[in-house]
Each structure stands twice: as structure tokens, then as C-alpha cells.
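[1] Give me coordinates for this.
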Amino acid sequence: MVNFPNQIRLSSSLLRRLKRHATSASPSLLFTRSFTPEGSRPTIIHKRSLDILHDPWFNKGTAFSMTERDRLDLRGLLPPNVMSTELQIERFMVDLKRLEVQARDGPSDPNALAKWRILNRLHDRNETMYYKVLLAKIEEYAPIVYTPTVGLVCQNYSGLFRRPRGMYFSAEDRGEMMSMVYNWPAEQVDMIVVTDGSRVLGLGDLGVHGIGIAIGKLDLYVAAAGINPQRVLPVMIDVGTNNEKLLKDPLYLGLQQHRLEGDDYISVVDEFMEAVFSRWPHVIVQFEDFQSKWAFKLLQRYRSTYRMFNDDVQGTAGVAIAGLLGAVRAQGRPMIDFPKMKIVVAGAGSAGIGVLNAARKTMARMLGNNEIAFESAKSQFWVVDAMGLITEAREYVDPDALPFARNVKEINRQGLREGASLVEVVKQVKPDVLLGLSAVGGLFSKEVLEALKDSTSTRPAIFAMSNPTKNAECTPEEAFSILGENIIFASGSPFKDVDLGNGRIGHCNQGNNMYLFPGIGLGTLLSGSKIVSDGMLQAAAECLAAYMSEEEVLNGIVYPPISRIRDITQEVAAAVIMEAIEEDLAEGHPNMEAKELRKLSKEEILEYVKKSMWNPDYPTLVYMED
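    Down below sits the predicted model:
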């Protein structure tokens, strides 16, 4: 870190140069000669003294050096011992372990929620230290700031709310959103995660409480993808709630009215999208936890016009595809054999349909990427919802699920019928993969798992992908105890590996969206792509599938450990950039013109990604009067 002696005044010309540093040189020169990594430039601030200590973006706590304390009028406002960031983390961890139990609000408040409270307090006072702790302990704390604990946070958000974090656009703000976006202080926003709280994880309609999901996702964007925390924005679009409990709760923070529907609903989201892209034309908007009927409609409405994607539909699909391709490799077969896999899918909501569409496209591309291949691929899927097996004989089939409705004559030959139960389907189909995206905990019962013993696969795969933990279709212990060690197991929420005895381990792979959405967002940002294309999403999934070594997949490990998340995100982002270039979608970034980007090798793109990522290091602070 550079410390300016207290007695030296920075010249006005130097200050001007610092302020315009990012735009004073040509983008190509910034990279090829003196590209400055994100977050390493001195930061100009317009406050001193207690104002800095009360600002989580600039507060360093006891890590302020003595020269900084003099320069920023902090001498005497902090204890005299200057601590390193390592010591600060150690002090926080000691405090956290001591306070975990004390922070609980009675026996019903689990330790995970207590940890969230303590981490949130750190976030409120020192952003850099918060992300430094999160990144240093990512395997331990990702489940706290994201699934499964974020589900508890959302369920209790009115009681946990302490200070605003993000923005709220409500049905009552119609006509005002274009001016409202200027209430957010950041001149540049790179990433927005937006929800309407209508389908939070598998917990249903939580209304305005759903903003906890947007906050948690953006914490992972910062930690995993190195998006500058000052350039992220969590958003809640509050159009009411149909949760009767919340409608009657006097402490509920959102609009206490039933949800808008139809054109009224669309008009609110339209106005929001127009407003944010008007102020921040290059922002990327990730849609999160919208109920199925809106998730697909909004995705189709905006995806060819705005830089946006839906993580439930497209991110979950990508992670599932990566795991399925890994399962093929775990059988000792090449990924090109994927179109031969028989897959039974439990769940036909937005996540389930998203996975089906992505898997079908992947198979079709491997079969020749033509109309015949696309039609042929759908025959590999059997979809079961709450009413059983979906067939063309059903009176009403959701339009999004209709392409996967089975032909009645065909299933009759298989000994099946419209509405057949999950266990019946598994018995008759003998699938290679049983994929759960149902949000029904325990759906993969002992009877269902017993039926999977007759799978024609040498190593069947079970993907219990529903979140949070209580909604998982089965646990790894249940799967391994019934089916033995020769299976692949993956889940949406984290579970511990299973000790099978005699030194054998049943690996529990977490199919976490965190492996993909940060890289998709970062790659889109750095490429300057006009849209988030299917090809870019496919490139991300295939990159993740290929990330694991041959030895790892043969041992049943199809997803990497969360501890490698920054490296994974760099690889995924680079794959997304290369695909954007291939599709001629890349329009460049302030640090890299499109024509320069196209000249880079894969290794140079990886380096470009790495240098563009923000790191949680305290910047040098330079005071200048406003």
C-alpha cells in the first residue's frame, strides 16, 4: 500500500490525473502496457474523521495506518495499535465463535442464522473486511449468505431489517421510477439482482422479504467474480403478496395488498427495466426467484433487448448440465454419449423446465444440431409433476412443459400411463439419471430409490437439487445406504460427504448456481456483449463440466470444491467472453476495446479477467474537498 507523508500536499494536477486515470489512456494501452487491476487505484474521497469510520465503503477500522490517520483526521479516534488485515480477520473470527450462541434469539434460532447476524453487522461497518472474511472462509460462509441460510433470513426479514441495502420499486411508484434510480448514489452499476419475492427458493411467496435473496447473490458476485461492491445493486420489485400471513402481519415491511396480475404487473417491471437501463446502459440484470408463470415470460420479453438473464431458469440449467455431463464422464464414457442418457425429471416449474430445455439443446447439438436432432433429443426425458407423468393425454399441460409431454401410445408400450407416479416411472424407464427440481423434501422415498436399483446405467446419478436443505428430494445418506457406493450424488444445498466405511467416501456434490452465475455475469460485463446468448450460457456449462480432472470424476466428484470459486469463475468468464467474440456480440469494455479483445489468446483473456476482478484490499484513500 502507498502511504503519502502527512506533510506533503497532493497537487491539484495529480488529483485530476488520479480522478481521470481510468479514461485518460486508450483501453488497449491500459491492458497491454500498464493495465491497473480493479481496486488497486488510490480512491478519492470527500470526507474525513468520524464520517469515514461510519462509512462501510471506506472504513478500515484499526487497519488505518498512522499516516492515513493524520491525513484523514483520524488520530485519536482509534486505538493506537495499527492491525494488519490478517489480525483483523483473526480478531473477528474469535469474536464470531464466542458470539454465535449468544446471538441466538432462543432455541428456535439456529446457529446459522446467528452467524448471519454477526456477518451482517460486519457488513454494515466495514465492507472490505466483510468480503475479505467471506472470501477467506468461502466454504463455511457461502451457505450462510446464500442457500440454505438465506431462506431463513428471507422468512424473518422484517424482524432482521436494520438498515437499507438495495432499492425497492413498488406498485405505488409507477410513473416515478425514472427519477427514483437517481436516488442510488453510485454513478456506475455493473450488476443488479432483482426479485419480486413470488417464489423464494422452495419457500413460496415471501413478498418484500425476498430481497434477502438479491443481497445474498450479489455478495457472491463480489466474492466469486470480483465485481466491485460499490457497483452492485440488490432490487425488490414489490407488487404485493398473496401470502395471507404477511398480509395480516402488522410488522410486514412490504405492500399489504394482493399481487398485481396481467398487464398491471408487466407495466411495473417494464418501467423498472427502462429506468435502470436508462441510467446505467451497460448494467447486467439477473432475475431471481420469480414464479414460473412470470419467469419465462419476462425472460422472453427482455432477453433480446437488454443484458439480462434468469438464474433460476438458465443458471440452474447450466449447473445441472455440467453435472450431467460430469456423470457421463464418471461412467468412463466421453461427454458425447450424453444424448444416450435416459433422464427422469421430478418437477416442472421454472427450474425444471429450464434444465429440460438446456439439456435438450445440448443433446441436439451433439447429434448434429438440426431439426431432427432437436426432435429426437426430447425422447430422452420423462417429466413428472404433482399430478404424475406428463403426457399428451392430460387435459391441460403448461405450454412450457408441453414439448416434453410423452406420447400416450409410446408410454403404454412401456407399461406407463398419464399421471403415473414417480416410482412407477422409475421402475419402467430404469433411468440413468433421477433429477429432482420439485421443491418437495423427501420425494425420492425409499421406494423410489429402491426402484432405481434396476437402472440400466453402470453408475446411476441422483440429483436432489431443490433448495433449501429441507426441500432436498433425498439426503446423500439415504441414497448411498439404499443404492450403495456406485452412484453419483448431487444436491442443490450443501451436505457432508458420507463415510461408507473401510476408507470409502460417498461424495456429495453440491450443484450450486454459484459455480456459474458469477462467471456468466463477469464474462458478459467484460466482453460488453449486447445480450446473454444461449451460446454463452452453454459455453459456461461446458467449461464447468470440463473443469474436473479425470481422476476426480471417476471418484464420483462432478463439481469442484467451493474453495476454488475464484479460479472457476475466471475460467467460466473467459469461456463466456470467447463465445461472445465467436458470436460477434462483444462490444468491448472501458478497459478493453472490442478489436483488441478479439486479438487475445485464451491465456490472455484469462489474464484480462483476473486483472479486472476487484479484490478485498484496503485502497489508499486520498482526501479532496468536495
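
[2] Going by C-alpha atoms from here, please, whenever you check contacts or count neighbours.
    Fine.

[3] Not counting sequence-adjacent ones, nearest residue to S376?
    Of all residues not flanking S376 in the chain, A364 sits nearest, at 7.6 Å (CA to CA, 6 or more residues apart in numbering).

[4] May I see the buried residues of the host helix or strand of that neighbour?
    Under the criterion of DSSP states H and E, A364 resides in helix 350-366. By neighbour count on 16 or more other CA atoms under 10 Å, the buried set for helix 350-366 is 350-366.

[5] Same check on stretch 413-425?
    Buried positions in stretch 413-425, judged by neighbour count with 16+ other CA under 10 Å: L416, R417, E418, G419, A420, S421, L422, V423, E424, V425.

[6] Equivalent analysis for stretch 449-465, please.
    By 16+ other CA under 10 Å, the buried positions in stretch 449-465 come out as 449-455, 457, 459-465.

[7] now swap in stretch 80-89 and tell me
    Within stretch 80-89, the residues scored as buried using 16+ other CA under 10 Å are M83, T85, Q88, I89.

[8] Also stretch 573-582?
    For stretch 573-582, the neighbour count (16+ other CA under 10 Å) marks A573, A574, A575, V576, I577, M578, E579, A580, I581 as buried.

[9] do stretch 366-381 as well
    Buried residues in stretch 366-381, counting neighbours by 16+ other CA under 10 Å, are found at M366, L367, A373, F374, A377, K378, S379, Q380, F381.

[10] Identify the residues contacting the closest residue to the second one other than its chain neighbours.
    It refers to L367. Excluding the flanking residues, the one nearest L367 by CA to CA, 6+ apart is A373, at 5.5 Å. Listed by CA atoms under 8 Å, 6 or more residues apart in numbering, the contact partners of A373 are M363, A364, R365, L367.

[11] from the chain's centre, how far out does the helix or strand where A373 lies sit?
    Using DSSP H and E, A373 sits in helix 371-377. Between the centre of helix 371-377 and the centre of its chain there are 31 Å (CA atoms, centre = their mean, to the nearest Å).

[12] Which SSE is immediately downstream of it?
    Criterion used, DSSP H and E; the element after helix 371-377 is strand 381-385.

[13] between that following strand and helix 350-366, how many degrees?
    Using axes from the mean of the first three to the mean of the last three CA atoms, to 10 degrees, the direction of strand 381-385 lies 170 degrees away from that of helix 350-366.

[14] Start the count at 769 instead of 1 going forward.
    Right, with 769 as the first residue, what we last looked at is strand 1149-1153.

[15] And strand 1149-1153, what does it pack against?
    strand 1111-1114 (3 or more CA pairs under 8 Å, 6 or more residues apart in numbering; DSSP states H and E).

[16] Check which residues of the strand it packs on are buried.
    Buried residues in strand 1111-1114 (16+ other CA under 10 Å): I1111, V1112, V1113, A1114.

[17] As TSV, those with pLDDT and distance to N1175 would be great.
    As requested, the buried residues of strand 1111-1114 are exported to TSV (pLDDT from 0 to 100; distance: CA to CA, whole Å):
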residue	pLDDT	distance to N1175
I1111	97	16
V1112	98	15
V1113	97	16
A1114	97	18
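
[18] Throw these into JSON lines and include distance to G1094, thanks.
    As requested, the buried residues of strand 1111-1114 are exported to JSON lines (distance: CA to CA, whole Å):
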{"residue": "I1111", "distance to G1094": "14"}
{"residue": "V1112", "distance to G1094": "17"}
{"residue": "V1113", "distance to G1094": "17"}
{"residue": "A1114", "distance to G1094": "20"}
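
[19] Farthest pair within these?
    Largest separation among these by CA to CA: I1111 and A1114, giving 9.8 Å.
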